[in-house]
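>>> My questions concern the predicted model and sequence given below.
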Amino acid sequence: LAQYVDLHGTPRCKGVPARAFDDFVAGSAGFAGAAVWGMGQGPHSHDMIAIPDLASYTLVPWEEGVARFACDIQVDGKEWPYCARTALKRAVALLGREGYAIMVGVEAEHFLVQRKEDGSIVLFDPDRIDTMAKPCYDFKSLAANMGYLRTMVRHLEELGWEPYASDHEDANAQFEINWRYADALTTADRYTFFKMMTSQVARRFGAIATHMPKPFARLTGSGSHFHFSLWDPDGKRNLFLDDKDRRGLGMSQLAYQFLGGLIAHAR
């Protein structure tokens, strides 16, 4: 799978047979940018070429003999400014020149839903037990979806992502799975692949996985919170930690400056 994301974070893919791998690496996977959202192209534009990052090689757990490569988009041999992955790499490089590496963890919240005959969606709750006003961490609702969650966690283990928790979240039919943090680009690639994986695993259990922020007005949305920390360039020391913090929070001055920057620029 030659995979990139559009402006909405939706995974876009082409299938490439293994015998054409050398051509793929050289730039054979072309996409018509006008056919997808937010890529800054019209019908007259030259094709977007997906250049695979070989370090992103990811075996697909739900389909035998398939792997995913996250790709950077180029047009006419040049980086394409509407490619989200390219923009992230540029930002990480700027940070690196300041002497920092950024590590990111993600709380991957999502809903399981079903589609009714009229096309609308409802919560996935075939046993009709996920009805609490405050369902967060509810055992019965967690147990009813144990097959889905265990399958997901097993796949994450196979991929080496080091999952460490899964739970029923704040809204009915909402779940979260956590895995170990990594550098920003790796986490972004993994989160995109996680969305792809939930869609396929949920189908086995008769559900649809959705990562849209607010599928139901009356319920808590999916925040997919990110956890940031700045490290030394080699990624060996967390520069946000300071046991001698006079405020008692264990944070370094850099961490306070980072938070101050977020507050100053939040608007």
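Right, received. Where do you want to start?

>>> Helices along the stretch 1-150 of the chain, start to end?
Using DSSP state H, counting those that start in this stretch, the helices of the stretch 1-150 of the chain run over 21-26, 84-97, 139-144, 146-159.

>>> Buried residues in the last one, which are they?
It refers to helix 146-159. Within helix 146-159, the residues that count as buried by 16 or more other C-beta atoms under 10 Å are 148, 149, 151, 152, 153, 155, 156, 159. The way it works is simple: take the backbone N, C-alpha and C, and place the C-beta from them, glycine included.

>>> Where do the strands of the stretch 51-200 of the chain begin and end?
Along the stretch 51-200 of the chain, counting by DSSP state E, counting those that start in this stretch, strands occupy 58-59, 67-75, 78-79, 101-115, 121-123, 163-168, 174-179, 182-183.

>>> Redo those strands as TSV? Include distance to residue 219 and mean neighbour count.
Compiled in TSV, these are given as follows (distance: least, C-beta to C-beta, whole Å; neighbours: other C-beta atoms under 10 Å):
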stretch	distance to residue 219	mean neighbour count
strand 58-59	32	18
strand 67-75	31	21
strand 78-79	40	10
strand 101-115	8	19
strand 121-123	8	15
strand 163-168	13	17
strand 174-179	7	23
strand 182-183	30	16
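
>>> Tell me which of the ones you listed lies nearest to residue 38.
Of all these, strand 67-75 sits nearest to residue 38, with 11.8 Å by C-beta to C-beta.

>>> Direction included, what does the closest one pair against?
Note on strand 67-75: by DSSP bridges, its sheet partners are strand 2-5 (parallel), strand 48-52 (antiparallel), strand 58-59 (antiparallel), strand 78-79 (antiparallel).

>>> before we move on, the earlier item: put together JSON lines for the buried residues of helix 146-159, with distance to residue 260 on each row.
Listed next are those as JSON lines, based on distance: C-beta to C-beta, whole Å:
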{"residue": "148", "distance to residue 260": "41"}
{"residue": "149", "distance to residue 260": "38"}
{"residue": "151", "distance to residue 260": "42"}
{"residue": "152", "distance to residue 260": "37"}
{"residue": "153", "distance to residue 260": "37"}
{"residue": "155", "distance to residue 260": "39"}
{"residue": "156", "distance to residue 260": "35"}
{"residue": "159", "distance to residue 260": "36"}
